[in-house]
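Peer 1: I'd like to go over a predicted model; first the sequence, then the structure.
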Amino acid sequence: MERIDFYENARRILANPVIVNAVQKATSHALAKRLDTISRIPDFESLRDKARAAKEEIISNFEDFLEKFKKNATRNGFIVHEAKDAKEAKDIVYEIFSNHNVKTVVSSKSMTQEEIEINPFLESKGIVKYETDLGEFIIQTAKQKPSHITAPAIHMTRKEIAQLFHDKLGMEYTEDPEEITYFARQFLREKYFKADAGMSGANFLIADTGSFVVVENEGNARMSTTLPKLHVAVTGIEKLIPSIKDFPNFIKILAPSSTGQHQTVYTNIFSTVGRGREVHIVLIDNGRRKMLADPVLREALMCIRCGGCSNVCPIFQLLGGHAYGSVYSGPIGIIWTYAIFGHSVARDLPFASTLCGACHEICPVRINIPKILLHLRHRVVEKEGGPFAERLLVELWEKVMTHPTVNKFGFRIASKAQVFFERDRKIRCLPWILSRWTEWKDIDPIPGKSFRELWKERQKNS
Ligand code: SF4
């Protein structure tokens, strides 16, 4: 993967008000629904604590729980595979499909499949894979990447989708959402019946029962995973939870944090294999064990992929997911992209945050995302040394702030000089090395009196 140029992506997106409006509308709607729903779940905070505790248990004893899951899943009749990286995972899937002469596949939404880029791989082998989740179907038709962990087409308007289906799939032009959905439904229905195999991801892997869980709203995952005789679930190893007893705690916090629903419409728990069927589970590492070995990054493995942190993030609200240049977007997506795809690809991303802390507050499993982002910034600066201008500025700032006399005069000079850059009581355009501060935002002018001067005045008056 090439280096992600976050700043260039941001510039391109900001020039497109359609995307900006679509993302703002969708995220604020999801946040309002979340607030309303959780206000009606009295034990929501204690459910979060319980879910967090279960994930902590997994993290501290990971290999044992994974072994337990594999053993129980095999006992249930599933064929379990392990892949150390994306290539190995794709090879395993292809081998399964080759053995069954698979030509067409229907798939429910899976970010892990997106992560390993399985669609172009299968296409290159002559296998057609249809995404059946409406959002994924839209972006597959548009040949784009998902722009949100749970709502992949969040950046598109109804009008754009109508035009896309009309141009690419021959739908009679309509902007009526029900008619558009009905068209997609009709288009996909025959694919389910004709497909040679179904694919899915997994939201949870339950260690003590060897079950895997797929949650969804459209019924498409249920169709994809049960109509074809062959089912391949491709999932990251971090989806483990210790016990079926923990499952209700997770399911009760997932949908409210994600779409603001009380619960997803369908919860599919696979614990057995039907007669004449074959079910494979491909467990993918692809950098996850490396995250586990990292004392700071390991916390990100607790993510249950609700997408709430994206909805609440001021950067995401403005730009949507494509600015992050990766399948994983938003605050947690930064961490995952850095961990999975590496420093050379993702070195801009840890700076794509205001560190306001809203993501930490909203996260149902209380992942301290700002702390991890700050840690990644340290890593970037350690490796890259930081931009020259920024280093100069920080050194200058240190001198000014640690020497009272320099501070006093520096303050006076800055408060006089700012008149050249001030307009309507805002600093709108700083020069040279400071210019990036005002490229996208205005800042408040330096007040006429310093804190020390105000303090002295106050003491005098009292
Ligand atoms: S980090 Fe937390 S809020 Fe963000 S997607 Fe994961 S579980 Fe949801």
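Peer 2: Great, that's in hand. All of these numbers come straight from a predicted model, not from anything done at the bench.
Peer 1: alpha carbons only for contacts and neighbour counts from here, please
Peer 2: OK.
Peer 1: show me what the helix or strand hosting residue 7 is in contact with.
Peer 2: Assessed by DSSP states H and E, residue 7 sits inside helix 6-14. Outside helix 6-14, the residues within contact range by CA atoms under 8 Å, 6 or more residues apart in numbering are 19, 20, 318, 319, 322, 323, 324, 325, 348, 349, 352.
Peer 1: quick one: those residues as TSV, columns for distance to residue 117 too.
Peer 2: Below are the contacts of helix 6-14 laid out as TSV (distance: CA to CA, whole Å):
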residue	distance to residue 117
19	24
20	27
318	27
319	23
322	16
323	19
324	17
325	14
348	22
349	21
352	24
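Peer 1: in a markdown table: those residues, plus distance to residue 397 and pLDDT.
Peer 2: Below are these laid out as a markdown table (distance: CA to CA, whole Å; pLDDT from 0 to 100):
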| residue | distance to residue 397 | pLDDT |
| --- | --- | --- |
| 19 | 38 | 90 |
| 20 | 35 | 90 |
| 318 | 30 | 93 |
| 319 | 31 | 95 |
| 322 | 34 | 95 |
| 323 | 31 | 96 |
| 324 | 30 | 97 |
| 325 | 33 | 95 |
| 348 | 23 | 94 |
| 349 | 25 | 97 |
| 352 | 23 | 96 |
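Peer 1: helices and strands of this protein: which one has the lowest mean pLDDT?
Peer 2: Taking mean pLDDT, DSSP states H and E as the measure, the helix or strand of the chain with the lowest value is strand 422-423, at a mean of 78.
Peer 1: residue 233 looks like it's in a strand, true?
Peer 2: Yes - assessed with DSSP: H, G, I helix; E, B strand; the rest coil, residue 233 lies in a strand.
Peer 1: kindly report the domain assignment for the protein.
Peer 2: What automatic domain parsing lists as the domains of the chain is 40-290, 400-461.
Peer 1: looking at the ones you listed, which is buried most?
Peer 2: domain 40-290 (a mean of 19; mean count of other CA atoms under 10 Å).
Peer 1: return the distance of that one from the chain's centre.
Peer 2: A distance of 15 Å separates the C-alpha centroid of domain 40-290 from that of its chain, computed with CA atoms, centre = their mean, to the nearest Å.
Peer 1: can you check stretch 23-32 too?
Peer 2: Offset of stretch 23-32 from its chain centre (CA atoms, centre = their mean): 16 Å.
Peer 1: ok now do residue 439, which residues does it touch?
Peer 2: Residue 439 sits in contact with residue 429, where contact means CA under 8 Å, 6+ apart.
Peer 1: quick check on it: phi, psi?
Peer 2: Taking degrees, to the nearest 10, you get phi -60, psi -40 for the backbone angles of residue 439.
Peer 1: same for the least confident helix or strand of the chain, what does it pack against?
Peer 2: In terms of contacts (3 or more CA pairs under 8 Å, 6 or more residues apart in numbering; DSSP states H and E), strand 422-423 is packed against no helix or strand at all.
Peer 1: about what we covered before: let me have the domains of the chain in a markdown table, extended by distance to residue 344.
Peer 2: Rendered in a markdown table, the data for these read as follows (distance: least, CA to CA, whole Å):
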| stretch | distance to residue 344 |
| --- | --- |
| domain 40-290 | 15 |
| domain 400-461 | 23 |
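Peer 1: closest to the ligand out of those domains?
Peer 2: When the domains of the chain are compared by CA to the nearest ligand atom, domain 40-290 sits nearest the ligand, at 7.0 Å.
Peer 1: residue 450 and residue 195: what is the separation?
Peer 2: Per CA to CA, to the nearest Å, residue 450 is found 72 Å from residue 195.
Peer 1: picking that back up, name every strand pairing with the least confident helix or strand of the chain and say which way it goes.
Peer 2: Based on DSSP bridges, the strands next to strand 422-423 in the sheet, each with its direction, are strand 426-427 (antiparallel).
Peer 1: pLDDT on the helix or strand that the strand it pairs with is followed by, on average?
Peer 2: Toward the C-terminal end, the helix or strand that comes next after strand 426-427 (DSSP H and E) is helix 451-461. Taken as a whole, helix 451-461 has a mean pLDDT of 88.
Peer 1: what about the strands in the stretch 201-350 of the chain?
Peer 2: Listed in chain order, the strands found in the stretch 201-350 of the chain under DSSP state E, counting those that start in this stretch are 204-206, 211-216, 230-236, 240-241, 266-270, 278-284.
Peer 1: need the ones you listed in TSV with distance to residue 252 and mean pLDDT, can you?
Peer 2: TSV is the format used below for those (distance: least, CA to CA, whole Å; pLDDT from 0 to 100):
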stretch	distance to residue 252	mean pLDDT
strand 204-206	13	98
strand 211-216	12	97
strand 230-236	21	98
strand 240-241	14	98
strand 266-270	11	96
strand 278-284	25	98
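Peer 1: next, format the ones you listed as CSV and append distance to residue 178.
Peer 2: Putting those into CSV (distance: least, CA to CA, whole Å) gives the following:
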stretch, distance to residue 178
strand 204-206, 31
strand 211-216, 19
strand 230-236, 30
strand 240-241, 37
strand 266-270, 20
strand 278-284, 34
